[in-house]
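Q: Predicted model follows, preceded by the sequence.
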Amino acid sequence: MESTAAESSDAAPDAPGAPHRLDPAGGCPHADNARLLARGAVASVVLPGEVDGMAVLGHDALKEFLAHPQVAKDARHFTALREGRIAAGWPLATFATVRGMTTADGDDHRRLRALVSKAFTARRVEELRPRIEELTARLLDDLHRAASAGGGVADLRTHFALPLPMGVIGELLGVDAEYRDRLHHLSNQVVATDIGPERALAANRELVAVLGAVVEARTERPGDDLTSALIAARDEGGDRLTHEELLGTLVLMIIAGHETTLNLVTNAVRALCGHRDQLDRITRGEADWADAVEETLRWDAPVSYFPFRYPVSDLTLDGTVVPRGTPVLAGYSAAGRDRAAHGPDADRFDVTRHRRPGATRHLSLGHGAHYCLGAPLARMESAIALERLFTRFPELDLAVPETDLARHSSFVGNSVRTLPVRLSPRP
């Protein structure tokens, strides 16, 4: 399954020399990525709302860009936003304006990252392993029951890939179970790129309101969780954390803490079902489940285009000038299949790829100061999920053709909306 009809694009090709118009409805990114990479490592794009931007697609250019000292995350460097040329309700506004470590630079970034980093040390993550294994086993029971009630078919996203990371991040943050489904729905609205202004504003308001209720609950009943620790940092006074930064940090943790892993598990199951030879290599011991996670991150990154970074002065990348103040997308899904970095077979899913001598490490979890803080947790959750899933249901397969799977309505998140699977062959 090196390429399928699911990887084709229904969008009309861009006119020669014209900026690439990103489709707000999302879809599979790989065909467009290949066309753009054939032109160069950096592309001019048109964002929703007719906002001019750029995307860095090539692996080497992206690696340089993510760690460049003249590239900022703070939206005060976003020229069009600063000049009032971005309409209210712009669907990508939250990525630029939320107050937290992903939109902070320098000392502010280090201060905010330090407040949450203790929850994601290697020791703390490893301490979560028994709880993740316990939750995984329970969710596999739920998946089996759902399939039994559904004629042998169940949606793996709904019954397994979603509740696992949402349950883990919910416990880490101290978010009561009653809020989790709503928070997932609202985070989906926030990352959607085809949403209208009224819905975008309403989703953001409600998300802040729900997280405000979480903060209120943890203020009244503090516990051994990250939200309680952040509340304590806010209430200590000084300049450790403002209330706006507290809510912004929770927004970012909720979205990044489950959406990425949800897509990663979903994409890995799709990839392994479509490449049974690679699944066989794992069961024979030629590779392990961690290898499957790494190759999925490269081959079908859970985040396709991540907003935003802004050059603080005109910046030349791979011969292309990125003007100061331009909103720039990090093209993780394109970089993962860049043949200049990953070889002529970059389109092929190969779970042993990163074991090759001199193999290029993917960038799908970031690079530099803003490297994904939750990367060890996402990797562990996903590896446990895949191992337990295919050990219990070794004949698991897609219940519909890959081409029939509806995609996310976003060019940020990269996955499918549902994943119907059959746990055993038809009788």
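A: Yep, it's here.
Q: burial count for residue 381?
A: For residue 381, the neighbour count with other C-beta atoms under 10 Å is 28. For every residue, glycine as well, the C-beta is placed using N, CA and C.
Q: Check which element follows the host helix or strand of it along the chain.
A: When elements are assigned from DSSP states H and E, residue 381 belongs to helix 375-392. Using DSSP H and E, the helix or strand that follows helix 375-392 in sequence is strand 397-398.
Q: chain center to that next one: distance?
A: 23 Å (C-alpha atoms, centre = their mean, to the nearest Å).
Q: about what we covered before: quick check: buried residues in the helix holding residue 381?
A: For helix 375-392, burial by neighbour count (16 or more other C-beta atoms under 10 Å) applies to 375-390.
Q: swap in stretch 352-362?
A: Under 16+ other C-beta under 10 Å, the buried positions of stretch 352-362 are 353, 354, 360, 362.
Q: Low-confidence stretches in the stretch 101-250 of the chain?
A: Applying pLDDT under 70 to the stretch 101-250 of the chain picks out residues 238.
Q: Could I get the full set of helices for it?
A: All helices of the stretch 101-250 of the chain, identified by DSSP state H, counting those that start in this stretch, fall at 106-117, 122-127, 129-149, 156, 163-173, 177-191, 197-220, 226-235, 243-274.
Q: other SSEs contacting the first one?
A: Taking 3 or more C-beta pairs under 8 Å, 6 or more residues apart in numbering; DSSP states H and E as contact, the helices and strands that helix 106-117 lies on are helix 226-235, helix 243-274.
Q: Highest mean neighbour count out of the ones you listed?
A: Burial of these is given as mean neighbour count (mean count of other C-beta atoms under 10 Å); helix 243-274 ranks first at a mean of 23.
Q: Report the next helix or strand after it in sequence order.
A: Using DSSP H and E, the first helix or strand after helix 243-274 is helix 276-283.
Q: any idea what sits nearest residue 253, other than its immediate chain neighbours?
A: Leaving aside its chain neighbours, residue 253 sits nearest to residue 173 (6.1 Å; criterion: C-beta to C-beta, 6 or more residues apart in numbering).
Q: Next up, the contacts around that neighbour.
A: 214, 225, 226, 227, 250, 253, 254, 257 (C-beta atoms under 8 Å, 6 or more residues apart in numbering).
Q: Tell me how far the nearest residue to residue 243 once chain neighbours are set aside lies from residue 223.
A: Closest residue to residue 243 apart from its sequence neighbours, by C-beta to C-beta, 6+ apart: residue 234 at 6.1 Å. Distance, residue 234 to residue 223, by C-beta to C-beta, to the nearest Å: 16 Å.
Q: repeat for residue 176
A: Residue 176 is 11 Å from residue 223, by C-beta to C-beta.
Q: Ok, residue 351 next?
A: Counting by C-beta to C-beta - residue 351 and residue 223 are separated by 39 Å.
Q: With secondary structure and pLDDT added, can I get the buried residues of stretch 352-362 in JSON lines?
A: Compiled in JSON lines, the buried residues of stretch 352-362 are given as follows (DSSP: H, G, I helix; E, B strand; the rest coil; pLDDT from 0 to 100):
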{"residue": "353", "secondary structure": "helix", "pLDDT": "96"}
{"residue": "354", "secondary structure": "helix", "pLDDT": "92"}
{"residue": "360", "secondary structure": "coil", "pLDDT": "96"}
{"residue": "362", "secondary structure": "coil", "pLDDT": "98"}
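Q: between the residues you listed, which is nearest residue 312?
A: The shortest gap between residue 312 and any of those belongs to residue 362, at 27.1 Å (C-beta to C-beta).
Q: got a list of what that closest one touches?
A: With C-beta under 8 Å, 6+ apart, residue 362 has these contacts: 294, 297, 298, 301, 335, 336, 354.
Q: Out of those, grab the one that's most surrounded.
A: residue 335 (30 neighbours).
Q: contact partners of the helix or strand hosting it?
A: Assigned by DSSP H and E, residue 335 falls within helix 332-336. The contact list for helix 332-336, computed with C-beta under 8 Å, 6+ apart, reads 29-30, 33, 36-37, 55-59, 62, 297-301, 303-306, 341-342, 346, 362-364, 414.
Q: ditto for stretch 29-41
A: Taking C-beta under 8 Å, 6+ apart as the rule, stretch 29-41 contacts 3, 7-9, 11, 13, 20, 43, 55-58, 60-62, 304-305, 317-320, 331, 333-334, 337-339, 347, 411, 414.
Q: do stretch 272-288 as well
A: The contact list for stretch 272-288 (C-beta under 8 Å, 6+ apart) reads 1, 4, 271, 289, 291-292, 295, 349-352, 355, 383, 386, 390, 394, 396-398, 402, 421.
Q: Just the buried ones among those, please.
A: Buried subset of the contacts of stretch 272-288 (neighbour count, 16+ other C-beta under 10 Å): 1, 271, 289, 291-292, 295, 349-351, 383, 386, 390, 396-398, 402, 421.
Q: Next up, phi/psi of residue 21, please.
A: Here is the backbone geometry of residue 21 (degrees, to the nearest 10): phi -90, psi 110.
Q: wait, it sits on residue 45?
A: Yes. With contact defined as C-beta atoms under 8 Å, residue 21 and residue 45 form a contacting pair (7.3 Å).
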